[in-house]
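Chemist: sharing a model prediction with you, sequence too.
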Amino acid sequence: MKYFISLSILSLLFIGCNNSKPKVDTELNELFALMQGSFNSEIQAKKDSTYYNISLHMYPIWKDKGNFLYVEQALNSMQNKPYRQRIYEVTRLNDSIFSSAIYKIPNDSLWIG
């Protein structure tokens, strides 16, 4: 009888353990990859004097925790004094909608560059 109970408990433990790998979301990964890098509005600013040459840097952080980006925005001529620093968390809401939660950074001046 003890043997039967032990096998039953072991069977339940193995059934409860799902060793399958999580499904890879290639669309989310592609979007996240496209958002990464450094961008600027230099061409637009040269064509229209009412626009500033703004730089935008977006780099992945906390890779083991999800799709997080460190984002820094500044006048191109003042890279060492960004006017916006944020953390973006990129997720999928459903089959056709993606979301970007935006978080402020306390003491953001410590993280410039």
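Modeler: Now that the structure is in, tell me what you want to look at. Numbering: from 1, shown residues only.

Chemist: in stretch 90-105, what counts as buried?
Modeler: In terms of neighbour count (16 or more other CB atoms under 10 Å), stretch 90-105 has its buried residues at Val90. For the C-beta atoms, the positions are set from N, CA and C on the backbone; glycine is no exception.

Chemist: need the contact partners of it.
Modeler: 25, 27-28, 31-32, 35, 66-69, 85-89, 111 (CB atoms under 8 Å, 6 or more residues apart in numbering).

Chemist: between those, which is nearest Asn76?
Modeler: For the contacts of stretch 90-105, the residue nearest Asn76 by CB to CB is Gln85; the value is 16.0 Å.

Chemist: Ile112 is in contact with that closest one, correct?
Modeler: Yes. A contact is recorded between Gln85 and Ile112 when judged using CB atoms under 8 Å, the distance being 7.3 Å.

Chemist: could you tell me which residues touch both of those two?
Modeler: Common contacts of Gln85 and Ile112, defined by CB under 8 Å, 6+ apart, comprise Glu72.

Chemist: following element in sequence after the helix or strand of the chain with the lowest mean pLDDT, please.
Modeler: In the chain, the helix or strand scored least confidently by mean pLDDT, DSSP states H and E is helix 2-16, which has a mean of 46. Next helix or strand after helix 2-16 toward the C-terminus (DSSP states H and E): helix 26-35.
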